[in-house]
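**Student:** Show me how the following folds:
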Amino acid sequence: MFELLSRLLLLKKGVNLFINLADESDKVPKLSKKLYSDFRLSSQEWATLKLIHEVLETPHAAQATFSSETQPTV
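**Tutor:** Alright, predicted model coming up:
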C-alpha cells in the first residue's frame with residue numbers, strides 16, 4: 001500500500017489532468033454508467049492520502065528491514 005500511495009502522490013498532477021480531460025477525449029475509452037470525473041479527488045482527499053502515506057512509512061521501513069532477497073532472515 002505504501003508503494004502504491006508513493007506512486008499515486010508522485011503522479012498527482014498527471015492523475016488530475018487525466019481525470020479532467022478523459023471524459024472529453026475520443027482517445028480514452030468511455031466508462032459504463034460513470035464518468036472519469038466521478039473519480040476526481042478533492043484537496044482534502046489528497047491531503048488524507050498524504051497523511052496515510054506518512055503513517056505507513058515507518059511500518060514499510062520496518063518490514064523492508066526484515067526482508068531480504070540475498071540473505072536469509074528469520
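**Student:** alpha carbons only for contacts and neighbour counts from here, please
**Tutor:** Noted.
**Student:** who does the helix or strand of the chain with the lowest mean pLDDT touch, helix- and strand-wise?
**Tutor:** In the chain, no helix or strand scores lower on mean pLDDT, DSSP states H and E than helix 43-66, which sits at a mean of 94. Judged by 3 or more Cα pairs under 8 Å, 6 or more residues apart in numbering; DSSP states H and E, helix 43-66 is in contact with helix 2-10.
**Student:** Return the next helix or strand after the helix it packs on as PDB; C-alpha atoms alone will do.
**Tutor:** For helix 2-10, the following helix or strand on the C-terminal side (DSSP states H and E) is helix 12-22. Output of helix 12-22 as PDB, limited to C-alpha atoms (Å, rounded to 0.1, in the frame of the first residue of the first chain):
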ATOM      1  CA  LYS A  12      -0.800  13.500  -8.600                       C
ATOM      2  CA  LYS A  13      -0.700  16.200 -11.400                       C
ATOM      3  CA  GLY A  14      -0.900  13.600 -14.100                       C
ATOM      4  CA  VAL A  15      -3.800  11.800 -12.400                       C
ATOM      5  CA  ASN A  16      -5.700  15.100 -12.000                       C
ATOM      6  CA  LEU A  17      -5.000  16.100 -15.600                       C
ATOM      7  CA  PHE A  18      -6.200  12.700 -16.900                       C
ATOM      8  CA  ILE A  19      -9.400  12.900 -14.900                       C
ATOM      9  CA  ASN A  20     -10.100  16.400 -16.100                       C
ATOM     10  CA  LEU A  21      -9.600  15.600 -19.800                       C
ATOM     11  CA  ALA A  22     -10.600  12.000 -20.100                       C
END
